[in-house]
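Participant: Sequence first, predicted model second:
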Amino acid sequence: MQRRPLTALPADKVLVAPSILAADFGRLAEEISGVEAAGAELLHIDVMDGHFVPNLSIGPPVVQSIRTVSALPFDVHLMLADPGRYAEAFIAAGADHITIHVESEGDLAAILEQIRSSGCSSGITLRPGTPASALDPYLNLVDMVLVMTVEPGFGGQSFMADQIPKIRHIARALEELDHPVHLEVDGGLDAQTAPLVVEAGANVLVAGSSVFRNPAGISEAVRRLRS
């Protein structure tokens, strides 16, 4: 399987990653084609276990199914208590990138290495209440850091502006590394809030409701995010 890791994407360009959590699952292939046609650079896939977060979402069979209808890189966010137990299944299903939570169980460094050794790029993320310093042991092991600007688990939440200083702090830390690392933000992003996180140093914008449920349509929603 040919991988499309995020290391192949420029870290100095704003990239849009529509989150299929907000898509119409009855028309999922069509919705994915819509964001691809709109110029989105990657597809964000939220995976929830009903334990680490109080919600359930998709599993490897859905990832495997949509892999056949899209050439976009799949940016898989594992909101799982034990990501090491399931990482291999998502890699086999067609993930190109996998992000795990710093609050999760297991040997996180080993899981990140497993992800990278598979040909995928790897990422680390944290809840809004977790300090940025928790990421320090892993920054040299990842290709992307994801900052959550809502509590993980549900789409459609309001943007938490108090996370902007954390984005700035992490952006400065990433500048000191010897390899480029994407800085992704997820939660409440739209045409009004996206410029705030880009100014703070983010370059990958995850957006669900503001893309798939935008009255102006998917193409216009992506254009507004990018501008």
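Facilitator: Perfect, I can see it now. Quick caveat: nothing in here was measured; it's all calculated off a predicted structure.
Participant: drop to CA atoms for contacts and neighbour counts, all remaining ones
Facilitator: Noted.
Participant: got the contact list for the helix or strand hosting A171?
Facilitator: Using DSSP states H and E, A171 falls within helix 164-175. With C-alpha atoms under 8 Å, 6 or more residues apart in numbering as the contact definition, helix 164-175 has outside contacts at 131-132, 139, 147, 180-181, 183, 196-197, 200-202.
Participant: Buried subset of these as a ChimeraX selection?
Facilitator: Selection of buried members from the contacts of helix 164-175 for ChimeraX, criterion 16 or more other C-alpha atoms under 10 Å:
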select :132,139,147,180,181,183,197,200,201,202
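Participant: Run a quick neighbour tally on A8.
Facilitator: A count of neighbours around A8, defined by other C-alpha atoms under 10 Å, yields 10.
Participant: And the pLDDT for it?
Facilitator: Per-residue pLDDT puts A8 at 95.
Participant: Also P137?
Facilitator: Listed pLDDT for P137 reads 97.
Participant: same thing with the one 5 residues further on?
Facilitator: Listed pLDDT for V142 reads 98.
Participant: Check A11 too.
Facilitator: So, for A11, pLDDT stands at 92.
Participant: same deal with T130?
Facilitator: Per-residue confidence at T130 stands at 98 (pLDDT).
Participant: tell me the SS of it?
Facilitator: coil (DSSP: H, G, I helix; E, B strand; the rest coil).
Participant: For it, what are phi and psi?
Facilitator: phi -90, psi 130 (degrees, to the nearest 10).
Participant: Give me the neighbour count for it.
Facilitator: Residues lying near T130 (other C-alpha under 10 Å) number 13.
Participant: Distance of M79 relative to L108?
Facilitator: Separation of M79 from L108 (C-alpha to C-alpha, to the nearest Å) stands at 13 Å.
Participant: These two - which one has more neighbours?
Facilitator: Neighbours per residue (other C-alpha under 10 Å) separate M79 from L108, with M79 holding more: 26 against 21.
Participant: re earlier: columns secondary structure and distance to P61 on top of the contacts of helix 164-175, output as a markdown table?
Facilitator: Converted to a markdown table, those look like this (DSSP: H, G, I helix; E, B strand; the rest coil; distance: C-alpha to C-alpha, whole Å):
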| residue | secondary structure | distance to P61 |
| --- | --- | --- |
| P131 | coil | 34 |
| A132 | helix | 33 |
| L139 | helix | 30 |
| V147 | strand | 27 |
| P180 | coil | 32 |
| V181 | coil | 29 |
| L183 | strand | 28 |
| L196 | helix | 36 |
| V197 | helix | 33 |
| A200 | helix | 36 |
| G201 | coil | 35 |
| A202 | coil | 31 |
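Participant: Pipe the contacts of helix 164-175 into TSV and attach distance to V222 per row.
Facilitator: Shown next, in TSV, are the contacts of helix 164-175 (distance: C-alpha to C-alpha, whole Å):
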residue	distance to V222
P131	31
A132	29
L139	29
V147	20
P180	25
V181	23
L183	18
L196	16
V197	16
A200	20
G201	19
A202	16
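Participant: Let me know the closest of the contacts of helix 164-175 to Q114.
Facilitator: Nearest to Q114 among the contacts of helix 164-175 is L139, at 15.7 Å by C-alpha to C-alpha.
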